[in-house]
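>>> mind looking at a prediction? Sequence and model below.
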Amino acid sequence: MLRQAQHEWKLAWLALPLLVLTPAAAQRTAPAEPSPYARAIAAGYKALTVCSAHFNARRSPAQIDADELRGIYPDYAAIVPQLTATVRDEGYTGIVTVPFASDLPARAATWFWAKGCTVAPIGATPALATVQYRMQPPAFAARFRPDPRAWPQGDFGIAPRSTPALAAAVDRAFDRASYGRESETVGVVIVRDGRIVAERYRDGFGPFTANRTWSVAKSITGTLVGLAGLDPAKPAPVPEWREPGDPRGAITTDQLLRMASGLHSATAGNRTDAIYFGGTAVTEEATGWPLETLPGTRFRYANNDTLLAVRGMRAQLGEARYRDFPRAALFEPLGMRHSIAEADWRGNFVLSSQVWSTARDLARLGQFWLQDGVWRGKRLLPEGWMRYMTTPAGPQPADGPGYGATLWLFGPKQGLPAGSYAAQGNRGQFVMVVPSERLVVVRRGEDPGAARFDVARFTADVIAAGR
């Protein structure tokens, strides 16, 4: 039987002292009114975040306000609390709506149990999902309960036995100070020699509670490109660049995976808010940027580079295989059944950021990398692909860790053994792999604002605790 539940996010105002201002003073102190576009993006941010956190992770309204919607981008931090989100849950489909303007429909994010959430374009009329999908409903229900298979394929046989030193290091990860002031750790899983030796979660989270991976998804993309069999040395098969005379047609998949496309982007980091929260499709936005410098000559971190690599992968795989590829090629084989990759309204996976996954599932992924792309004795990634992902080539970041093909490269400069590497994302998402220690360290966070978690120091303490 279908069920319907509505949750209202209501604004709670703090009591403020009464101020009497002259007109001139009021003009000087009044905050600038947000533009209609900023309000639309903020409403999309809230609609998508509430949708994904509620349906993918079963998070409550109060929990989402306290964590996922706290300390967000400054552009929208003042707007989001003023907007009301309504959740309609129909069992295997649902919708979140957020009104933001008097002359346009509410922003909407639609959820379907096999697809996760998709944010509709600005101005679209909200509608429930009607998409049919191959995966059956029992597989959806399994996301929120233990997998009866043994670890690492499943969730049974997990019995962490932390040493006092390791337990103390994990405890410090949650104290909001030792590894970063005001950092907010919500989950830690540590795997040594293929066995979970430490695991802890903050209240409101647990082994089957997914978080948004943010840019950890980029390293998932690097893995999927290998599984898809693309030749990174060849021009990226982006259909929009195939017109004769288009200079972007020479950009290789390798250059996209290494953030060396040479394409212009609006800002360093290329936040792509229009795609993430505006409902603009990848194929409408990411494919249109022009060249700014010769491909392969500059490192510039850009979400678009990853999105374009995925666009090429879609063209190479074909529609039938592509639409289920992350689950069929990676999540299901590794037992990552608590993970889901979300797409835009035109079916493009937003694999630079929009994956929801648990700490245990990311530990499985890290162990897969550590095992050189072999799982349960079967080679899934082409031989040499992990060496490719973890080898620097071409231009590198000006400071900090190096960069491979979607993985960050750590070593003695960061206080870690040579050959260490990590996937990392916004709000403190980390999957650190230390091959020489046979170690995988997963840290999930909801770090607000400028808070930063020092994953290198935490990993060094974990290594020291194990010796």
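Nice, I can see it.

>>> can you report phi and psi for the residue lying closest to residue 265 once chain neighbours are set aside?
Among residues not flanking residue 265 along the chain, residue 302 sits closest, at 4.6 Å (Cβ to Cβ, 6 or more residues apart in numbering). Bear in mind the C-beta positions are built from the backbone N, C-alpha and C, glycine included. Main-chain dihedrals, residue 302, degrees, to the nearest 10: phi -150, psi 120.

>>> and the gap between residue 302 and residue 270?
4 Å (Cβ to Cβ, to the nearest Å).

>>> have a look at the two and say which one is more surrounded.
residue 302 (26 against 22; other Cβ atoms under 10 Å).

>>> let me see the contact set for the more buried one.
Residues near residue 302 by Cβ atoms under 8 Å, 6 or more residues apart in numbering: 259, 261, 263, 265, 269-270.

>>> residue 183 reaches residue 446, doesn't it?
No: taking contacts as Cβ atoms under 8 Å, residue 183 lies outside contact range of residue 446: 9.3 Å.

>>> buried subset of the contacts of residue 302?
The neighbour-count test (16 or more other Cβ atoms under 10 Å) marks 259, 261, 263, 265, 270 as buried among the contacts of residue 302.

>>> re earlier: give me the common contacts of residue 183 and residue 446.
Common neighbours of residue 183 and residue 446, counting by Cβ under 8 Å, 6+ apart, are residue 428.

>>> how about the helices in the stretch 51-200 of the chain?
61-66, 74-77, 137-141, 164-173 (DSSP state H, counting those that start in this stretch).

>>> and the ones you listed, which one averages the lowest pLDDT?
Comparing mean pLDDT over the helices of the stretch 51-200 of the chain, the weakest stretch is helix 137-141, at a mean of 60.

>>> need phi/psi at residue 402.
Per degrees, to the nearest 10, the backbone of residue 402 is at phi -80, psi -180.

>>> low-confidence ranges in this structure?
Low-confidence segments of the chain (pLDDT under 70): 1-31, 129-141, 268-269.

>>> how many neighbours does residue 193 have?
Other residues close to residue 193 by other Cβ under 10 Å number 10.

>>> what sits against the closest residue to it other than its chain neighbours?
Nearest in space to residue 193, with sequence neighbours left out and distances taken as Cβ to Cβ, 6+ apart, is residue 438 at 5.0 Å. Neighbouring residues of residue 438 by Cβ under 8 Å, 6+ apart: 192-194, 370.

>>> residue 53: which of these is nearest?
residue 370 (29.6 Å; Cβ to Cβ).

>>> residue contacts, the closest one?
433, 435, 438, 440.

>>> the closest residue to residue 440 other than its chain neighbours sits in which helix or strand?
Setting aside the residues directly before and after it, residue 440 is nearest to residue 366 in space (Cβ to Cβ, 6+ apart), at 3.7 Å. Following DSSP states H and E, one finds residue 366 within helix 359-370.

>>> packing partners for the very next helix or strand once past that helix?
Under the assignment DSSP H and E, the closest C-terminal helix or strand after helix 359-370 is strand 374-375. Applying 3 or more Cβ pairs under 8 Å, 6 or more residues apart in numbering; DSSP states H and E, one finds that strand 374-375 contacts no other helix or strand.
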